[in-house]
Each structure stands twice: as C-alpha cells, then as structure tokens.
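>>> When you get a sec, could you give me coordinates for this:
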Amino acid sequence: AMPKATPSIKVDNVRRLGATVELVGDTFDATQAWALEHASSTGRTFIPPFDHPDTIAGQGTIGMEIFNSTDTDEIHAVFVPVGGGGLIAGIAAYIKALKPEIRIVGVEPSGANAMAYSLYMGKRIQLDQVDTFADGVAVKTTGVECFRLCQDLVDGVVLVDTDQICGAIKDVFEDTRSILEPAGALAVAGAKAYLARYGLKGTTCVAITSGANMNFGKLRVVSELADLGQRQEALLASFIPETQGSFKKFYSTIGSSFNITEFKYRLSDSDFAKVLFSISVKNMREISDLQARLNAHGMRTMDLSDNELAKEHLRHLVGGHACVLEERLLQFQFPEQAGALETFLEAIATRWNITLFHYRNSGERVAKVLVGLQIPDSELGDFQEAAELLKPQGFSYIDESSDKAFKNFMC
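Numbers count the residues shown, from 1 in each chain. Sure thing, here's the model as predicted:
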C-alpha cells in the first residue's frame, strides 16, 4: 500500500518488480491504517516500514557502511532525513555505541516536522496535516520505538523549507549529475543550513541521500525554486509611479550589475504601478542594499523570497486586479486525479461565486490550488461545513485572505 501522493515513478517501479500496489489514503498514516486492517482481515503479515526493532536494526547498517568507508575521527556530524524515524534511530544506535562524540542530526521539512515537534514536547505528537512535497518523509507521527531511541540518541533536528530542498537537489546534480527526490536531498539541505548557521568550514559531515524517485514534471518546480533556495535569486515587488519614464528610472536604479530573471507588470488604474520581478544575487546584503536604494528613490519595494503564496501562485497571476467584496483567498489541496475539480465545483461553486482560480501541475499526486470565493460573513459557517465534507475525499485548505502580497497585487 502507498499514499495517493506517491510519485508515479516509484509506483511503476514497484509494480514492475511484480508487486500489487494499492494507492490508499492522502498521507502515510492513512495508508498504514488501511494496510494494518487489510493484513488483519486477510490473514497476512504486516511489515512495519520503520517502527520495529528489526527494521530499525536493518536501517542502522548504514551507520556501519559509513564507518567502513570513512575516517570516523574526522566526522563532526551525520545528517539523516526523518519521516517516521526508523532510519535515524538505527543509524544513531550504531554510531553512538561506537563513537558517541559524533553528532546525529535529523532533518525534516518545516511542513512535516513530527519528530522535531515531538522531541520538543517530550512526547509523540500527531500533526494535523503534512506538506507532501517531500513525500518520502510526509508522516504525521513518529514511530513509538523510533521516538524512544531518538530521545536518547539524537542531538537535534534541523528544519528546512521547500526552496532549500530544491537548492540541495540542484547542488547534488551539479556535483554528481544525479537527480535526487526531495526526501533524498533533505539531509543535504539540512547540512548546508547547519553549517551556515554555525559558521563551520573545513568540517567533515555526512549527509544521507536516500532516494531518487523524481517525477519528470516535478523538475519544473524544483528548477523554479532552486535558486531561491540557494539564495542566488530574490523575488521582489516594487511600487513605482504610474507615469511616463518611471520604468526607465526604475531599471536605472536597479543597475546593470543585476541580472533580471523575471519581470511582470500590467498597466494599473492607480497612481502607482505594481512590478513583480526576480534578480540573481550573490548574497543577502545585495537584496537589502537594492531595497534601500529603490525605497530612497520613492519606489517602495518588498522582498517576497520567503512568501510561499507569492512563489507558488502570485508570480503566475500578475496582470490585472479587482477589489471584490466579501472575497476570501483560500489555498486548497486537491487530490491530483480525474474528477477532483468536478467534485470541488459541485460542493462549492454551486453556492459561492468563484472570483479567482489558479492551478498548475507540479508532478505530485496532491495539487495546490489557489481559489478566491465570495463568502459573506453570515455564510462562513456553511462554507466550513461544506469544506469539512470534502476532507474524506482528499481536499483541505488554508485561509490566505490576509496575505500582504495578494492584497497589494490582486486587489
């Protein structure tokens, strides 16, 4: 059994080896619940993917491989991707038994941080939802035995965002010409963040690269976000006077030393034009210096490099705006399957007017869709009930109505 969000390349390869694959549930936890029930009802044996001493011991042999191929006296830390916790528990058990001074550091996506949150709280915590970009570690809760071992043996957990993961995928590709999946590049992203945070150079670290099940369609998303993740590109928004010649002044203020990689503008009926653009940068100081220079010339500028809504949707929507009364901006997760849009429209569009809709295939089995809906305050409870009924079919949403970038550009 595999979650519906599993990349097709992984599903196809498992089937090619002769296995029967059932795609069940929107998350690993839902899939595991189905597998346990199915094993019980059919008299089969359930093999835990991580939460069992034998599984943990098997994954721990990676620690032995590290010791057999590296001068362990030189290792400062080993970075391990974390989902349910079996891999890091096994590696930590082996390495800490032989070289307790080596740090064992887990790495999780910021949107799937079950281990970090559980260690912080001192008990296993179940997340309400998880980001499936790194589907190989998209787990709502850690394993019981895994957590027990990690409490005793793991030195800490680093959280990284989608941009940083994409930047790590690019790093590995440029070094080795190998393409990792997001979960496979997670430890590299964590190691980079850790070394930068503590200013470490000339330090020997090991990062576990654990998978290459990358759908070709997902490479487009990785390519778009990689430079942002490496801090080699910045996404900015500027407000310039809507007058003749202001465009040239805007470009001159930026200067020819910057390479503009993206530029979006449309005539506005207001006194100020809104420009969304990306530039190549060498360091963060260049961004702050450029912002200060533009602001000094009366062109207010915002750095949107860390705004997920702007990167995921807004950069593809710039080109007109409308102030719609009672509009709510909602970011939905749709199951990437035939009939999903029809299901959504039947439940929602027959009752509330759609004012905005943006969808872009990202190569995942779960799609992020930005939707604008006119919902009077008096009907908000009815909408929430309707949305709740969609949850069992794989739909969920976050209210983004207060996002500043959206308010500036789309209203």
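>>> Just list the residues touching R231, thanks.
Contact analysis of R231 by Cβ atoms under 8 Å, 6 or more residues apart in numbering lists G167, V281, N283, M284. For every residue, glycine as well, the C-beta is placed using N, CA and C.
>>> Who wins on neighbours among those residues?
If you count neighbours using other Cβ atoms under 10 Å, the busiest of those is G167, which has 26 neighbours.
>>> Enumerate every residue touching it.
Applying Cβ under 8 Å, 6+ apart, the residues near G167 are A189, K192, L225, A226, D227, L228, G229, Q230, R231.
>>> Just put the residues you listed in TSV and tack on distance to P376.
Formatted as TSV, the contacts of G167 follow (distance: Cβ to Cβ, whole Å):
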residue	distance to P376
A189	43
K192	47
L225	36
A226	42
D227	42
L228	37
G229	40
Q230	44
R231	43
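>>> Tell me which stretches of the protein form strands.
Here the chain has its strands, by DSSP state E, at 75-81, 103-109, 156-160, 204-207, 233-241, 260-265, 272-280, 300-303, 327-335, 353-359, 366-374, 396-399.
>>> follow-up on the earlier one: narrow the contacts of G167 to those in helices?
Within these, residues falling in helices by DSSP state H are A189, K192, L225, A226, D227, L228, G229.
>>> Of these, which is the most crowded?
Of those, with other Cβ under 10 Å as the count, A189 tops at 31 neighbours.
>>> Burial check on T132, number of neighbours?
Neighbours around T132, by other Cβ under 10 Å: 25.
>>> separation between it and S252?
Plainly put, T132 is 44 Å away from S252 if you go by Cβ to Cβ, to the nearest Å.
>>> go on, G85?
In this view, G85 and S252 are 54 Å apart by Cβ to Cβ.
>>> Pick out whichever of those two has more residues nearby.
Neighbour count, other Cβ under 10 Å: between G85 and S252, G85 has more, with 33 against 10.
>>> who touches the nearest residue to the more buried one once chain neighbours are set aside in this structure?
Nearest residue to G85, sequence neighbours excluded (Cβ to Cβ, 6 or more residues apart in numbering): C146, at 3.1 Å. Residues near C146 by Cβ under 8 Å, 6+ apart: F50, D51, I56, G84, G85, G86, I88, A89.
>>> you'd agree I104 is up against A77?
Yes - using Cβ atoms under 8 Å, I104 is in contact with A77, at 7.3 Å.
>>> Quick check, central residue of this structure?
For the chain, T162 is the residue whose C-alpha lies nearest the centre (Cα atoms, centre = their mean; 3.6 Å).
>>> Setting aside sequence neighbours, what's the nearest residue to that residue?
Per Cβ to Cβ, 6+ apart, closest to T162 is F133, 5.2 Å.
>>> and what of A77?
Among residues not flanking A77 along the chain, R103 sits closest, at 3.9 Å (Cβ to Cβ, 6+ apart).
>>> Measure how buried that neighbour is and give me the count.
For R103, the neighbour count with other Cβ under 10 Å is 18.
>>> Could you check the pLDDT of the residue nearest to G122 when sequence neighbours are not counted?
Closest residue to G122 apart from its sequence neighbours, by Cβ to Cβ, 6+ apart: Q151 at 7.9 Å. As predicted, Q151 sits at a pLDDT of 97.
>>> please renumber so the chain begins at 46
OK, 46 is where the count begins now, so the last one is Q196.
>>> mind checking how far stretch 198-207 is from the chain centre?
Distance of stretch 198-207 from the chain centroid (Cα atoms, centre = their mean, to the nearest Å) equals 15 Å.
>>> Name the residues of that stretch that come out as buried.
L198, V199, V202, V203, L204, V205, D206, T207 (16 or more other Cβ atoms under 10 Å).
>>> Next: stretch 309-327.
K309, Y310, F317, A318, K319, V320, L321, F322, S323, I324, V326.
>>> Report how far apart the opening and closing residues of it are.
End-to-end span of stretch 309-327 (Cα to Cα, to the nearest Å): 22 Å.
>>> Give me the residues contacting that stretch.
For stretch 309-327, the external contacting residues (Cβ under 8 Å, 6+ apart) are 272, 276-287, 291-292, 295, 299, 303-308, 332, 335, 349, 355, 359-360, 363-366, 453-454.
>>> Just the buried subset of the residues you listed, please.
Buried, going by 16+ other Cβ under 10 Å: 272, 276-285, 291, 295, 299, 332, 335, 349, 355, 359-360, 363, 366, 453-454, out of those.
>>> re the thing from before, output the strands of the chain as CSV; include the columns mean pLDDT and distance to I54.
Formatted as CSV, these follow (pLDDT from 0 to 100; distance: least, Cβ to Cβ, whole Å):
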stretch, mean pLDDT, distance to I54
strand 120-126, 97, 18
strand 148-154, 98, 20
strand 201-205, 97, 23
strand 249-252, 96, 22
strand 278-286, 88, 28
strand 305-310, 80, 29
strand 317-325, 84, 30
strand 345-348, 92, 35
strand 372-380, 89, 18
strand 398-404, 84, 22
strand 411-419, 86, 16
strand 441-444, 91, 25
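>>> would you turn those into JSON lines with distance to G105?
Output for the strands of the chain, formatted as JSON lines (distance: least, Cβ to Cβ, whole Å):
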{"stretch": "strand 120-126", "distance to G105": "11"}
{"stretch": "strand 148-154", "distance to G105": "11"}
{"stretch": "strand 201-205", "distance to G105": "18"}
{"stretch": "strand 249-252", "distance to G105": "14"}
{"stretch": "strand 278-286", "distance to G105": "39"}
{"stretch": "strand 305-310", "distance to G105": "44"}
{"stretch": "strand 317-325", "distance to G105": "43"}
{"stretch": "strand 345-348", "distance to G105": "43"}
{"stretch": "strand 372-380", "distance to G105": "35"}
{"stretch": "strand 398-404", "distance to G105": "42"}
{"stretch": "strand 411-419", "distance to G105": "32"}
{"stretch": "strand 441-444", "distance to G105": "35"}
